[in-house]
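>>> Fold the stuff below for me.
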Amino acid sequence: MAELLHLLLIEDSDDDAQLLLRIMRRAGFDLVWERVQTAQAFEEALSHQPWEVIVSDYHLPSFDAPTALAILNASQRDIPFLVVSGTIGEKLAVDMMKAGASDYLMKGNLARLPEAIRREVREANTRAERRQAGQALRESERRSRAVLMAIPDLMFRVGADGVYRGLVTADRSGDLLPVDLDPTGQLMATLLPADVAERQNYYLQKAMATEELQIYEQVVWINDRWQDEEVRVVKSGEDEVLFMVRDISDRKQAERQLHRLNQELEIKVAERTAELQKREAELQKLSDRLTLALKSASMGCWTWQLTDNTLIWDERMCELYGLPPHSNVTYEQWQEYVHPEDLPRLSEYLTKVLNSERECNTQFRIILPNGQVRHLRTHGVLVRDEAGRPLTMTGLNIDISEQEATLQERDQAEQDLRTSQQFLQTVLDTFPLAVFWKNCNLEYVGCNSKFVKSLGLDSPEAVIGKDDFDFYDDSEALTYRAVDRQVIESGLPILNVIKEVVFADGTLHWLEINKLALRDWCSNIIGVVGTFQDITDRKMSQIQLEKTNRELIRATRLKDEFLANMSHELRTPLNAILGMTEGLQEEIFGLLNDQQLSALKTVERSALHLLSLINDILDVAKIESGQMELELAPTAIASLCQSSMAFIKQQALKKRIQVALNLPSDFPDIVLDERRIRQVLINLLSNAVKFTSEGGQITLEVTPIQDSEAEKNYLQFSVLDTGIGISEKDRGKLFQPFMQIDSALNRQYQGTGLGLALTKQIVELHGGRVSLTSEEGVGSCFMIDLPYEATQLFSQCQDTEVDPPSPRKVAKDAIVSPLLLLAEDNEANISTICSYLKAKGYRIEVAKNGQEAIDQAVALFPDLILMDIQMPGLDGLEAMRRIRLIPELQSTPIIALTALAMESDRQRCLAAGANEYLSKPVRLKELAQLIPQLLSGDAVKE
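Numbers count the residues shown, from 1 in each chain. Next up is the predicted model:
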């Protein structure tokens, strides 16, 4: 909360005034202020407002600081007066301080102005409080003195040592005290005749010992006459008595003159005696109250008779030591109760008091008979005889055990707190993060060494108590304070903010900043805690990684362009070679003999081999760059295997190799890329033929298997041969591009080494896996496992192409066919999709932009929505987001249709609310399969 301050400003410069006010407000002051520029305005301002501080420029056009200070001094107002100047010299500053100025500051160094004002205001408040307290004390003394002066008796206090301690009251107009005599501080024996002093000392000691009122009469020579006095002595403190002297000269004279009235005088004496007894009773009541107060305060009274070394204890004193009341204890017995660790120190202290002191004040421990340890504080006053020898010491013992226990607990708690704080600071100093925390005034109250180092400072003490303006420029400090205030007011954290910051050493750093509300044990917000981590290295690595990625993307693009160009350049002559060869073999250009036909077939085989090599290289490149897309469709396994076997049948017959196909009858179709898997099977079968000797055997087996660990179903294709086999050490090379296990084999069996690498990559694109078993000289078994859903086994088809389930199978309990909403703006696409889906039994409604799609979805509640992404007006992405905000449409399936075919486009569609994504041109058979999959399990709406 801002500090309210009443400020009177003497300044002629608007800019300087605004600068000073801004500094004060930034320091946390809420200002009530007035600005004056002339002496008259200054005097008027002093009269109508209680100002707390005055800040004055030294030179003004018609006014200056010395004149203002003189006016202030003349008004007798105690207001701090601070001088601010840009030109004042040291001599003038000293003169101003001598004249009464509180402080002076140079305009170029106003940073300490707020603290100087706080200091001077505090001192002014302290002076005001002292004046008020002094005035109250003087008023109290005046009233007390007036009461005492009304009493006719002479009363004075005398210590147990016979020294006058002061007059309580005395009527100087009377004859009870010699004129111009003040006995304070003097011995009775010095001022009084020997017999009078001896008598007064006797009754003084008697009053001290008996604590009873002592009354006696005396005749003294005072003010040139004999005077009869009545003296009363009563103990008024532990080491002093109160003498009350009354002039009874007239009474004695009357007694002598009126002896005959003796009887009446005796009656008066009796009355006076009764009065005295009443006073004694009152004194006894006071004594009883004092005893009760001592007991309540756990105090015991004691007297040490030094002449015989005996102790006199009251009941409370015996109780403090755990003894029965009225127990007699000697000094030696008392020493046995003192704690052994405290006895030497206590004995030495008492010896010192007896030798040179008048009072004792110390504390020690005692051990009670039951073993309990008790802490006592003792206060005592020593009484000496006229020769200065110790006679008695009287005092109090106070039980301070509870206070000591509390102090020990507090000391332990403070030690624990310091230990905890040191541990916390140590832990924080080991953090890789810079940590700091502020109070609600946004002043730093703590930090770790990492934060201190970031500011270019040496210790946390250089940070504590300051704010952001002390370390950053104004704009940056205001930004930090705004964020801190937001966290304090909302209670919500602000996390993971990345900011560029220039450190104190001038280096640029990237920081990740977090700020959270600082709470006390009651969860009240008491400030803000912040952390920041220097992520410069990570940021630089990220920048370098992005640069590297850009270079890799560029290199990949260049490679793809090179491969595409090479493919085009190689395919062009191959096209001519194959075309011309085909024409020649068909004898278009004339008849050929057998030798010529054989040569043409050799040319054709070489060209086809080269074309296959080009295709393999391009396929590997596509897979590595992520450009190969699988064309998945339900595929008949039997047809796939038979066509693959047919491809190598002629090669096998030439080597008299037996070929077998083991395939379960009526096996269901599964979804895969038929062309690519056929390519895989042909490659494996071709390798088997290549590496199997004449008269060998090759088998293709298909078996469904279940992987319990992966919880998946696989269809396993196994190619077994009785070929040369593969050693265990060479198996790891098989699936690497352009690798063959032996150069001798490469000469014997032609190949590029791409086949198995391409096989592995195609299978893995299907989510499958490749494995092999082999034994040298016996043969090999290559296995590919392709995953499939178990539900695919429940719908068997006879043809290679599989028609999607009828909508009535998906919603068998529905009365009508499902309603589909198509959002599409292209008329050709609308006509094609609507015609196809209506032929499949669906009802279709069309919307031609995003807003129309939302309106029709709310009106019709379709069973499924087909959403084109690029439409005029509201696009498909925003339309899907708004549809998903409608509770009744949150579960409606949506298929996104778009010509955007990148993976990021797919993710954008799914994030906007699509269930599935199809890129254009859309394969209608694939769409017809996807719709019932999304509709299954949902009731079809009317």
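>>> By mean pLDDT, flag the weakest helix or strand of this structure.
helix 807-810 (a mean of 39; mean pLDDT, DSSP states H and E).
>>> list the helices and strands the following helix or strand past it packs on?
Sequence-wise, the next helix or strand downstream of helix 807-810 (DSSP states H and E) is strand 819-823. Packed against strand 819-823 by the contact rule (3 or more CB pairs under 8 Å, 6 or more residues apart in numbering; DSSP states H and E) you find helix 827-839, strand 843-847, helix 850-860, strand 864-868. No exception for glycine: its C-beta is placed from N, CA and C like everyone else's.
>>> Need those in CSV (columns: distance to residue 164).
Compiled in CSV, the helices and strands packed on strand 819-823 are given as follows (distance: least, CB to CB, whole Å):
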stretch, distance to residue 164
helix 827-839, 124
strand 843-847, 116
helix 850-860, 108
strand 864-868, 112
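>>> Let's have the ones you listed in CSV, adding mean pLDDT.
Conversion of the helices and strands packed on strand 819-823 to CSV gives the following (pLDDT from 0 to 100):
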stretch, mean pLDDT
helix 827-839, 78
strand 843-847, 94
helix 850-860, 93
strand 864-868, 94
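>>> which of these sits most buried?
Highest mean neighbour count of the helices and strands packed on strand 819-823: strand 864-868, a mean of 26 (counted as mean count of other CB atoms under 10 Å).
>>> tell me what the very next helix or strand once past it is packed against?
Remark: after strand 864-868, the chain's next helix or strand is helix 876-884, criterion DSSP H and E. The helices and strands touching helix 876-884, judged by 3+ CB pairs under 8 Å, 6+ apart, are helix 850-860, strand 864-868, strand 894-898, helix 903-912.
>>> What residues of the strand or helix carrying residue 207 count as buried?
Secondary-structure element containing residue 207, defined by DSSP H and E: helix 194-210. By neighbour count on 16 or more other CB atoms under 10 Å, the buried set for helix 194-210 is 196, 197, 199, 200, 201, 203, 204, 205, 206, 207, 208.
>>> other SSEs contacting that helix?
helix 188-191, strand 214-222, strand 225-237, strand 240-247.
>>> Adding distance to residue 785, write the helices and strands packed on helix 876-884 out as CSV.
Output for the helices and strands packed on helix 876-884, formatted as CSV (distance: least, CB to CB, whole Å):
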stretch, distance to residue 785
helix 850-860, 43
strand 864-868, 34
strand 894-898, 30
helix 903-912, 25
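>>> pLDDT below threshold where in the stretch 651-800 of the chain?
710, 732-733, 736-755, 789-800 (pLDDT under 70).
>>> just the stretch 451-600 of the chain next, same as before
Using pLDDT under 70, the stretch 451-600 of the chain drops low at 556, 559-583, 586, 588-589.
>>> same thing with the stretch 51-200 of the chain?
Those would be 144-152, 169-180, if you go by pLDDT under 70 across the stretch 51-200 of the chain.
>>> ranges for the helices of it?
65-74, 90-99, 113-149, 188-191, 194-210 (DSSP state H, counting those that start in this stretch).
>>> among these, which is the most enclosed?
helix 65-74 (a mean of 18).
>>> just how off-centre is that one within its chain?
The chain centre lies 52 Å from the centre of helix 65-74; the measure is CA atoms, centre = their mean, to the nearest Å.
>>> Stretch 686-695: end-to-end distance?
16 Å (CA to CA, to the nearest Å).
>>> Please save the CA atoms from whichever helix or strand residue 698 is part of in CSV.
For residue 698, the host element (DSSP H and E) is strand 697-707. Once non-C-alpha atoms are left out, strand 697-707 reads as follows in CSV (Å, rounded to 0.1, in the frame of the first residue of the first chain):
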residue,chain,number,x,y,z
GLN,A,697,12.5,-76.8,-54.3
ILE,A,698,10.7,-73.4,-53.5
THR,A,699,7.6,-73.1,-51.4
LEU,A,700,5.3,-70.0,-50.7
GLU,A,701,3.2,-70.5,-47.5
VAL,A,702,0.6,-68.1,-46.1
THR,A,703,-0.3,-68.5,-42.4
PRO,A,704,-2.3,-66.3,-39.9
ILE,A,705,-0.4,-65.8,-36.6
GLN,A,706,-1.0,-63.9,-33.4
ASP,A,707,1.6,-61.9,-31.5
